[in-house]
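In: Turn this into a structure:
(2 chains)
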Amino acid sequence: MLPLSRPARPTPRPGLEATETPLQARLAELLESALQNVRDRGVIPADTTAQIQVERPREEGHGDFACNLAMRLAKAAGKPPREVAEALVAALPYAPEVAAVEVAGPGFINFHLAEWVFQAVVPEVLRAGERFGRGDTGAGERVQIEFVSANPTGPLHVGHGRGAAYGDALARVMRAAGYEVDCEYYVNDAGRQMAILAASVMSRYRQQVLGTDEAFPEKGYQGDYIRDIAAQVRERFGDELEFNPSGLTDAEDPETGIDFLIRRIREQIGDETFGDVRKMALAHILGEIRADLDAFGVAFDTWAHEQALVDAGTVDQALAGLRERDHLYEANGATWFRSSAFGDEKDRVVIRADGAATYFANDIGYHRAKFHREFDHLIDIWGADHHGYVARVKGAMQALGLDAERLEIQLVQFANLFRAGEKVAMSTRAGQYVTLRELVDEVGRDAARFIYVLRRSDQHMDFDLEVAKQETEDNPVYYIHYAHVRISSIHAKLADSDRPEPSAEELAGADTTLLAEAKEARLLRQLQRYPETVAMAAGGREPHRVARYLQELASEFHTFYNSHRVLIDDAELMRARLALVEAVRQVLANGLGLLGVAAPERM
RNA sequence: GCGCCUGUAGCUCAACCGGAUAGAGCAACGGCCUUCUAAGCCGUAGGUUGUGGGUUCAAGUCCCGCCAGGCGCACCA
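Out: Down below sits the predicted model:
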């Protein structure tokens, strides 16, 4: 049996399939037809088949597209690859887009397309405007992306910045590719760490009230923001809240020491007041986090609170679901989830011997709830240190009878932070970190975001603060901005002259076949690749592709700009070039927008 | 010890999920401003893709071993 249609491309993971552009699909059709023809004529055996894959050659001289079909067929066909290639080329149907086809190297079939294919992109960009690059590969799939979700125990630091930049850019890129995206921040506001936070605040409070500098709990949060919150507590409650931390065994045992302190404080100021302090601390820190994210250009659609989920019984329901399906058991006084039956390396505790639900239990509840919301697909963006967590969360979903494939977890590797070549240790608890706010203030939002998103998220990254700050003037994003600025400058110059500025309609109608210079051809080709870049970035969850693309587009523009003038006497050619650079400006703006980076104001 | 991730130019990183001669930026060196911003362009130099095998027409990419680094192996969150 001969397959009538091309085999589908492999899809190792859902949502990550390679994208095929209309041009590639068109060429694949031609090749398919040639293959059929060659088989029918008995040039190669009738049952010979291979996957047709049309790709972009790395080398410019190898044409616009290339296909390795002949090499894949060679063995089964019993003929040398070049011979198969020649036969295929001879059998290719006519297509107006194709200017030339050649057999090259070991048996590649190289396609050179007609220039008009690329020249036509300019009016397309100008007509589509900010919509250029949007696609429908996402097919309206409803996706939730959960990211940052930093514990509300302190300000966001530069480590969170990477996740924020990645998640937000991914959301924008996926929206552009036709996904319906909802961004969520999961607030871990339940559990012991919030008590530690409140206790830290009360310790500062006591220091402030007494004016002493008595011992601060070793395990407490030591950042200056704790003092601010303490001052707020003092404002609200006055100096009346008394407690005596004496007996604190911090020095001997910091862990039990902090728990002892928490108990002490609760007993002495009362659970209700303690809860109020906790809430004040949470509200203050969350407010800061929101403000920092806002300054960073990152917005969330939804803020999910762990405590609210717990209160709503979400966790209990999830555990009941697991128990019903017999995936829980008791041992050593604790309740365990048999995650080892679902690919995890060992079973995990969900209810501790002291009766408290573990963080994992809450996460099961949270994820189960997410599965029952309106999304087709869930993406969690986690720090790489959580990789050991993937198997158990997915396992829990599977155990609940849910399709774990719907949950995709993207791990973002750590950004190692350096200051002048020396690694900076970071600890929220010890108050040693460089905040995201600091980074934004010193490097600038746009530069910071661009640097983050220029790297693949699953790659380790070294971020040297001094270099980033020093390079502010020399930053990759300025290179792109500069292209934008130069284009604006051309318009300004034109406006100053006695030549009339063409209307948008006139630009869109310009005769782009006049753009025949080699550097114009390269620039046109780069413009043409934008939509597929967006599609690939979305499908592969790789927004860095857009950043790289913009660098290349800017580079092609600068090269063009240095060789050819736009404002020239030849009115027709000038109009075509104005249309070209305007298209470049548009695509730069669109691409930067997908990364959450502002384009310079249009002049 | 076990598991996951990663080793690409001096540095920071790409390389379209197996293709043809591995590319950019920074740093170095040499050129280009009376003409739309030199925040730019052009050129030179820089590599046994950690290492040793394997798979095949073809390997930075897939498989195995080794070396090195990061992270994880809680009744923490």
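
In: Could you list the buried residues of the helix or strand hosting A:Gln551?
Out: Remark: A:Gln551 resides in helix A:544-563, with elements defined by DSSP states H and E. Within helix A:544-563, the residues that count as buried by 16 or more other C-beta atoms under 10 Å are A:544-551, A:553-557, A:560-561. Backbone N, C-alpha and C define where each C-beta goes, glycine included.

In: Then stretch A:384-395?
Out: A:Tyr389, A:Val390, A:Ala391, A:Arg392, A:Val393, A:Lys394, A:Gly395.

In: For those, give me a markdown table that also has distance to RNA strand B and secondary structure.
Out: Listed next are the buried residues of stretch A:384-395 as a markdown table, based on distance: C-beta to the nearest atom of the strand, whole Å; DSSP: H, G, I helix; E, B strand; the rest coil:
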| residue | distance to RNA strand B | secondary structure |
| --- | --- | --- |
| A:Tyr389 | 6 | helix |
| A:Val390 | 8 | helix |
| A:Ala391 | 8 | helix |
| A:Arg392 | 9 | helix |
| A:Val393 | 10 | helix |
| A:Lys394 | 13 | helix |
| A:Gly395 | 14 | helix |
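
In: Those: which two are farthest apart?
Out: Greatest spatial distance among these (C-beta to C-beta): A:Tyr389 and A:Gly395, at 10.4 Å.

In: burial measure for A:Asp354, as a count.
Out: 7 (other C-beta atoms under 10 Å).

In: does it belong to a helix or a strand, and which?
Out: Judged by DSSP H and E, A:Asp354 forms part of no helix or strand.

In: Got the confidence number for it?
Out: pLDDT, A:Asp354: 91.

In: List the residues that contact it.
Out: By C-beta atoms under 8 Å, 6 or more residues apart in numbering, no residues touch A:Asp354.

In: Distance check, it against RNA strand B.
Out: To RNA strand B, A:Asp354 is 6 Å away according to C-beta to the nearest atom of the strand, to the nearest Å.

In: How about A:Arg455: what's its closest non-neighbour residue?
Out: Using C-beta to C-beta, 6 or more residues apart in numbering and skipping residues adjacent in sequence, the residue nearest A:Arg455 is A:Met461, 4.9 Å away.

In: Who does the one you found form a beta bridge with?
Out: Taking DSSP bridges as the rule, A:Met461 bridges to A:Ala415.

In: Make sure it is actually in contact with A:Phe418.
Out: No: the pair A:Met461 / A:Phe418 is not scored as a contact, 10.6 Å apart, by C-beta atoms under 8 Å.

In: give me the low-pLDDT residue ranges for the stretch 301-450 of chain A?
Out: Within the stretch 301-450 of chain A, the stretches with pLDDT under 70 are A:420-421, A:431.

In: tell me which parts of it are close to RNA strand B?
Out: A:331-334, A:345-346, A:348-349, A:352-354, A:356, A:358-360, A:384-389, A:413-414 (C-beta under 7 Å from any atom of the strand).

In: Recalculate using a threshold of 6 Å.
Out: A:332-334, A:349, A:352-353, A:356, A:358-359, A:384-385, A:387-389, A:413-414 (C-beta under 6 Å from any atom of the strand).

In: cool, and the stretch 451-600 of chain A?
Out: Near RNA strand B, when you scan the stretch 451-600 of chain A using C-beta under 6 Å from any atom of the strand, you find A:455-456, A:458-462, A:473-474, A:476, A:478-479, A:482, A:485-486, A:489-490, A:493, A:536, A:548, A:551, A:555, A:558-559, A:561-562, A:564-567.

In: Among those, name the buried ones.
Out: For these, buried by 16+ other C-beta under 10 Å: A:455-456, A:461, A:476, A:478, A:486, A:490, A:536, A:548, A:551, A:555, A:561, A:564, A:566.

In: re earlier: contacts for the helix holding A:Gln551 next, please.
Out: Helix A:544-563 has contacts (C-beta under 8 Å, 6+ apart) with A:169, A:173, A:450, A:453-457, A:476, A:479-480, A:482-483, A:486-487, A:517, A:519-520, A:522-523, A:526-527, A:529-530, A:533-534, A:536-537, A:581, A:584, A:587-588, A:591-592, A:594-595.

In: Touching, A:Val148 and A:Ala165? I think so.
Out: No: the pair A:Val148 / A:Ala165 is not scored as a contact, 10.0 Å apart, by C-beta under 8 Å.

In: Please enumerate the helices of the stretch 351-500 of chain A.
Out: A:359-371, A:387-399, A:436-443, A:445-454, A:465-470, A:476-496 (DSSP state H, counting those that start in this stretch).

In: Please identify the most buried of the ones you listed.
Out: Mean neighbour count (mean count of other C-beta atoms under 10 Å) peaks for helix A:445-454 among these, with a mean of 25.

In: Now do that helix against helix A:476-496, angle only.
Out: Angle, helix A:445-454 to helix A:476-496, by axes from the mean of the first three to the mean of the last three C-alpha atoms, to 10 degrees: 130 degrees.

In: gap between helix A:445-454 and the chain center?
Out: Relative to its chain's centre, helix A:445-454 lies at 12 Å (C-alpha atoms, centre = their mean, to the nearest Å).

In: CA atoms only: put it into CSV for me.
Out: The C-alpha trace of helix A:445-454 is given here as CSV (Å, rounded to 0.1, in the frame of the first residue of the first chain):
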residue,chain,number,x,y,z
ARG,A,445,13.4,47.0,32.1
ASP,A,446,13.9,46.4,28.4
ALA,A,447,17.5,45.5,28.5
ALA,A,448,16.9,43.1,31.4
ARG,A,449,14.1,41.4,29.7
PHE,A,450,15.9,41.1,26.5
ILE,A,451,19.0,39.6,28.1
TYR,A,452,16.9,37.1,29.9
VAL,A,453,14.9,36.0,26.9
LEU,A,454,17.9,35.9,24.6
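
In: and the gap between the closest residue to A:Leu241 other than its chain neighbours and A:Ile351?
Out: Once flanking residues are discounted, A:Leu241 sits nearest to A:Ile269: 4.9 Å by C-beta to C-beta, 6+ apart. Remark: distance between A:Ile269 and A:Ile351 (C-beta to C-beta, to the nearest Å) = 29 Å.

In: Any buried residues in the helix or strand where A:Leu573 lies, and which?
Out: Using DSSP H and E, A:Leu573 sits in helix A:571-594. When burial is assessed from 16+ other C-beta under 10 Å, helix A:571-594 yields the following buried residues: A:573-594.

In: For the stretch 201-350 of chain A, which residue gets nearest to RNA strand B?
Out: Nearest residue of the stretch 201-350 of chain A to RNA strand B (C-beta to the nearest atom of the strand) works out as A:Asn332 at 2.6 Å.

In: try the stretch 401-550 of chain A
Out: Ranking the residues of the stretch 401-550 of chain A by distance to RNA strand B (C-beta to the nearest atom of the strand) places A:Ser489 first, at 2.5 Å.

In: on that earlier part again, tilt between the helix holding A:Gln551 and helix A:476-496?
Out: Using the same axes, to 10 degrees: helix A:544-563 against helix A:476-496 is 40 degrees.

In: Only alpha carbons, please: show helix A:544-563 as PDB.
Out: Extracted as PDB, the C-alpha positions of helix A:544-563 are listed here (Å, rounded to 0.1, in the frame of the first residue of the first chain):
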ATOM      1  CA  HIS A 544      14.300  33.200  22.600                       C
ATOM      2  CA  ARG A 545      13.900  32.400  18.900                       C
ATOM      3  CA  VAL A 546      12.100  35.700  18.500                       C
ATOM      4  CA  ALA A 547      14.900  37.600  20.200                       C
ATOM      5  CA  ARG A 548      17.500  35.900  18.000                       C
ATOM      6  CA  TYR A 549      15.300  36.700  15.000                       C
ATOM      7  CA  LEU A 550      15.100  40.400  15.800                       C
ATOM      8  CA  GLN A 551      18.900  40.600  16.200                       C
ATOM      9  CA  GLU A 552      19.200  39.100  12.700                       C
ATOM     10  CA  LEU A 553      16.600  41.300  11.200                       C
ATOM     11  CA  ALA A 554      18.300  44.400  12.700                       C
ATOM     12  CA  SER A 555      21.600  43.100  11.400                       C
ATOM     13  CA  GLU A 556      20.300  42.700   7.900                       C
ATOM     14  CA  PHE A 557      18.800  46.200   8.100                       C
ATOM     15  CA  HIS A 558      22.000  47.800   9.300                       C
ATOM     16  CA  THR A 559      23.800  46.100   6.400                       C
ATOM     17  CA  PHE A 560      21.300  47.400   3.900                       C
ATOM     18  CA  TYR A 561      21.300  50.800   5.400                       C
ATOM     19  CA  ASN A 562      25.100  51.200   5.100                       C
ATOM     20  CA  SER A 563      25.100  50.200   1.400                       C
END
